[in-house]
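*Asks:* Sharing a sequence plus its predicted fold:
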Amino acid sequence: MKQKLNLFKQSLQLVWESAPGWAVANIILSVIRSILPLLLVVLLKVLIDNITTAVKAGPEIADESIIWLIVAVAVVYFIDEISSDLSNWVRKNQSLKLEVYMYGLLHKKSISLDLINFERPEYFDILSRATREAPWRPNSILNNLISLLKGLASLLLMTGLIFTLHWSAAVILLAVNIPGIWLRFHYAALLYDFQKKQTPEARKSAYFNWLLTGDRPSRELRLFGLGEYFTGLFRKSFLKHREEELLIIRKRTFIEMTSGLFKAAALLFVLIFVAKRTVSGVISLGEMAMFLLAFRQGMTYIKEVFGSVSGIYEDSLFIGDTFEFLDLKDNIKAEEPAVKVRDFNDKIVLENLSFTYPGNRVKTIDNVSLQINKGEIIALVGPNGAGKSTLVRLLCRLYDPDSGKIKFDECDIMNFDPAEYRKQFSVVFQDFMLYNLSAGENIRLGDIENQDQDSKIRSAARSSGVDDLIASLPEGYDTAIGNLFDDSRELSWGEWQKIALARSLFRDAPFLILDEPSGALDADAEYEIFSRFRDIIKGRTALLISHKFTNVSLADRIIVLDKGAVAEAGTHEELMIREGIYYSMYTRQSSRFDK
Ligand code: ATP
């Protein structure tokens, strides 16, 4: 309970921080709207009584007050209507502000979060629940709270009015709603537990939906004729979690309908009671109308009050997921004593580095020690799954090792601010990004703080061999590339790869890492880049991962990784003499050409 109250408090804080002005407007309007219905009911009562008196007195003695009362009723009705519209408008504005604010928090967290989280399925479950709930739950808490206060105020006024008829009518009004309240609480908890349990299944159906509708899968889907198959998988997964949910809602609806019986019985009782009193002259026709309206309104308010209470309960269950996401800890940060990063000057040393992915049993990196000197070109080779890409992530401190150290010019990288440290690196990842932006922007993203550097962008594009292509596009470097938006031009995979290479060259980092950078380049482009490799990288230290041994042999030193450990290291000539793993991989690859 304490925890829920805490979440409730945190949510209101978010609502307040995101739009204090709109929150105040919302509260003021709700107070006004809680008073208006009672005013209307009382005015109607006076009006009916005055009309009854006028009917008895005859039409010639028409009372002027009737006209004024009719006008007053119409005015109150009008104010009620416009305050309702105004209230909707205020809520919409507030929701928008809150949505933007919550997305801001989610995105801030998502970009700062340790990369290792993206390797855990539980992370995606939390993320998916948080993104589903975060934009609207805090506002729902506020609206439920306001509606609770408004409902309570109106209910108290109406119950007081009904009390003047008879105390039992007031008690009945409250008592008949108790089953409904219990029901709402019970099912709120049930639905929450159910939805939490179903998150992996919901993500699975979202994945199948993407396979059926996404751009990337669209080609294989057609060629292999996978449409029907994935449709079946989607339907199975979707129905699995939605049908169970429907079952719970069906049960709740059935019990809710039964509880409606209590309410109908209560209304019947009050109707008979009021009718009898009116007929026997204890109350006037106006009072009869007033009590009936008050009872009907009272029922509505009580529903609103308890609906709001159970809504708040439900909100606090769901909002917990958002706070769980926002509270995820970042472990990759500067450890004490924090050291300022200086430009790379001497060497990077890896000492007994080991790393295991969460959930894996075997070490992906197993006791790796090596040194990279400033200005060296190092090639990292090895079979698939040897751990080459993982080592790059450790080097850039995207992951922290389980044991061992990385020293950057004698400083342990754990003492650096990770964002500052990463500025020393420029990387073309194996799964580099395609940005559906302009060609120039795609290159500029390598160093986003570097504005107005058109000549540098062009120079990077020339180095990676993509300048001519970009220049031939309808709007040159301003042409949008990709296939997502209007007026954009799609590129071939190899052309994208050249753009990614240009992006990495545009970044003024002393250390360049290229993870399989020529996989999709044509023979000419590859020759063009690697024959001038030293000129292109302009004296930077480079780590080159490649399965193409013609490119690898240009390196100053070659490190062979096998099953996460360094198996061999040396120059091309040394490794060939050694006749180990490198020798056999090299000769096998080159023998295909010799034939
Ligand atoms: P390739 O030459 O195929 O690119 P690699 O040498 O770059 O391979 P890595 O991508 O570093 O190899 O992967 C090394 C091992 O770690 C593989 O066995 C892989 O299954 C495992 N691995 C990679 N990423 C993850 C992950 N996110 N979670 C768990 N295991 C992973």
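*Replies:* Yes, it's here.

*Asks:* quick one: the residue in the stretch 1-150 of the chain that the ligand sits nearest to from residue 425, how far?
*Replies:* Residue nearest to the ligand within the stretch 1-150 of the chain (C-beta to the nearest ligand atom): residue 119, separated by 3.9 Å. (Glycine included, C-beta is placed from N, CA and C.) Distance, residue 119 to residue 425, by C-beta to C-beta, to the nearest Å: 20 Å.

*Asks:* And residue 305, by the same measure?
*Replies:* Separation of residue 305 from residue 425 (C-beta to C-beta): 59 Å.

*Asks:* same thing with residue 366?
*Replies:* 23 Å.

*Asks:* Settle it for me: which of these two has more neighbours?
*Replies:* Taking neighbours as other C-beta atoms under 10 Å, residue 366 and residue 425 compare with residue 425 leading, 21 against 18.

*Asks:* Near the ligand, which residues of the stretch 251-400 of the chain? Just list them.
*Replies:* With C-beta under 6 Å from any ligand atom as the criterion, the stretch 251-400 of the chain comes near the ligand at residues 357, 360, 364, 382, 384, 385, 386, 387, 388, 389, 390.

*Asks:* Quick check on the residues you listed: which are buried?
*Replies:* 364, 382, 386, 387, 388, 389, 390 (16 or more other C-beta atoms under 10 Å).

*Asks:* So of these, which two are at opposite extremes in space?
*Replies:* The most widely separated members of these are 364 and 382, with 12.1 Å between them, by C-beta to C-beta.

*Asks:* mind listing the helices in the stretch 251-400 of the chain by residue range?
*Replies:* 285-326, 388-395 (DSSP state H, counting those that start in this stretch).

*Asks:* The ones you listed: lowest mean pLDDT?
*Replies:* When the helices of the stretch 251-400 of the chain are compared by mean pLDDT, helix 285-326 comes last with a mean of 82.

*Asks:* who are the neighbours in contact with residue 367?
*Replies:* Going by C-beta atoms under 8 Å, 6 or more residues apart in numbering, residue 367 touches 352, 353, 354, 404, 565.

*Asks:* just the buried members of those residues?
*Replies:* 353, 354, 404, 565.

*Asks:* which residues touch the last one?
*Replies:* It stands for residue 565. Contacts of residue 565 (C-beta under 8 Å, 6+ apart): 366, 367, 368.

*Asks:* same thing but at 10 Å, please
*Replies:* Applying C-beta atoms under 10 Å, 6 or more residues apart in numbering to residue 565 gives the contacts 354, 363, 365, 366, 367, 368, 369, 382, 386, 387.

*Asks:* By pLDDT, rank these and give me the bottom one.
*Replies:* Per-residue pLDDT puts residue 382 lowest of these, at 89.

*Asks:* from the contacts of residue 367, which two are the most distant?
*Replies:* 404 and 565 (12.2 Å).

*Asks:* Distance to residue 437 for the helices of the stretch 251-400 of the chain - can I get that in a markdown table?
*Replies:* Listed next are the helices of the stretch 251-400 of the chain as a markdown table, based on distance: least, C-beta to C-beta, whole Å:
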| stretch | distance to residue 437 |
| --- | --- |
| helix 285-326 | 28 |
| helix 388-395 | 25 |
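
*Asks:* Mind listing residues that contact stretch 43-56?
*Replies:* For stretch 43-56, the surrounding residues in contact (C-beta under 10 Å, 6+ apart) are 61-63, 65-66, 68-70, 72-77, 161, 284-291, 293-294.

*Asks:* ok, residue 344 touching residue 512?
*Replies:* No. Taking contacts as C-beta atoms under 10 Å, residue 344 lies outside contact range of residue 512: 11.0 Å.

*Asks:* of those two, who's got more company?
*Replies:* More crowded of residue 344 and residue 512, by other C-beta under 10 Å: residue 512, with 23 against 19.
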